[in-house]
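1. Give me a model of this one.
(one chain, ligands or ions: 3)
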Amino acid sequence: MDNERVVVIDHPMVQHKLSILRDRDTSSKQFRELVRELALFEGYEATRDLPLETVTISTPICDAEARQIGGKKLAVVPILRAGLGMVDGVLELIPAARVGHLGMFRDEETHEPHVYYDKLPADIAGRQVLVVDPMLATGGSAAAAVGYLREAGVKGTIKLMVLVAAPEGIEAVLAADPDVRVYTCAVDEGLNENAYIVPGLGDAGDRIFGTK
Ligand SMILES: O=P(O)(O)OC[C@H]1O[C@H](OP(=O)(O)OP(=O)(O)O)[C@H](O)[C@@H]1O
Ligand SMILES: O=c1cc[nH]c(=O)[nH]1
Ligand SMILES: [Mg+2]
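-> Ligands and ions are numbered 1, 2, ... in the order given. Below is the predicted model:
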């Protein structure tokens, strides 16, 4: 997609795993594992621009200058439920990150998001935030999550990590906030009459938790 605020992770390993994720015959167990692995790979790309600072360390041979991640501390914010499936993969990459939770479900008729739970780290306003949710469909949930984080004082770029996005959802979330960046493994064709992503992978939450 030709937009500097959208990054499509087109690495062959990612595309291979995504193809298995999409398959309707993939079990819940394998689906969960793939969501975690894809989140780790995607997190690697989403953290590519973290600032480095020079520190002095002592190797067994001599003192040396080395580079470590500096700047703001990170927080991962999953949009429940499905976003929970991505948390462990991101934490594997950034073990010291704090985790904030935003519970949202999409009304089946109107497709509007409803917030039913939130618990953010007390110092969220000073952190760089990675929002995680496998699916970006209409963009309503992601845009509401970003708005919620802004209300909580989060400044600077909010990175939204999804696995599958519809063009409509990308447009909506970029329009909702001038400083959001979207990371996705695929940009699909669009939405069907129930606002599900086509071809998509179905209902990510139900597939992760085996609720259908
Ligand atoms: O872009 P949107 O049109 O807002 O749709 C995407 C949202 O829908 C799904 O959640 P869902 O409401 O199914 O809740 P769940 O995670 O509990 O299954 C998905 O995980 C996103 O949060
Ligand atoms: O395709 C979709 C759309 C919304 N939520 C999902 O889990 N899948
Ligand atoms: Mg769902």
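2. Arg150 - how many residues pack around it?
-> 16 (other Cβ atoms under 10 Å). For glycine as for every other residue, the C-beta is placed from the backbone atoms N, C-alpha and C.
3. just to confirm, which helix or strand has it in it?
-> helix 140-151 (DSSP states H and E).
4. Mind giving me the packing neighbours of the helix or strand following that helix?
-> For helix 140-151, the following helix or strand on the C-terminal side (DSSP H and E) is strand 158-161. Under the contact definition 3 or more Cβ pairs under 8 Å, 6 or more residues apart in numbering; DSSP states H and E, strand 158-161 sits against helix 28-46, strand 128-132, helix 140-151, strand 180-184.
5. quick one: average pLDDT of the third one?
-> In this model, helix 140-151 carries a mean pLDDT of 98.
6. Just confirm His111 contacts Asn192, I think it does.
-> No: with contact defined as Cβ atoms under 8 Å, His111 does not count as touching Asn192 (11.4 Å).
7. which parts of the protein sit against ligand 2?
-> Ala82, Met135, Ala137, Tyr196, Ile197, Gly200, Asp203, Ala204, Gly205 (Cβ under 6 Å from any ligand atom).
8. Counting neighbours, which of those residues comes out on top?
-> Going by other Cβ under 10 Å, Ala137 tops those with 28 neighbours.
9. In stretch 165-184, which residues are buried?
-> Buried residues in stretch 165-184, defined by neighbour count with 16 or more other Cβ atoms under 10 Å: 165-170, 172-174, 176-177, 180-184.
10. quick one: secondary structure of the residue of the chain found nearest ligand 3?
-> Distances between the chain and ligand 3 by Cβ to the ion are smallest at Gly205, namely 3.2 Å. What DSSP: H, G, I helix; E, B strand; the rest coil gives for Gly205 is helix.
11. Next one: it relative to Leu149, how far apart?
-> Per Cβ to Cβ, to the nearest Å, Gly205 is found 21 Å from Leu149.
12. contacting residues around the helix holding Arg150?
-> 77, 79, 102, 104, 106, 111-113, 115, 118, 120, 124, 129, 131, 133, 136, 158, 160, 162, 169, 172-173, 176-177, 180 (Cβ atoms under 8 Å, 6 or more residues apart in numbering).
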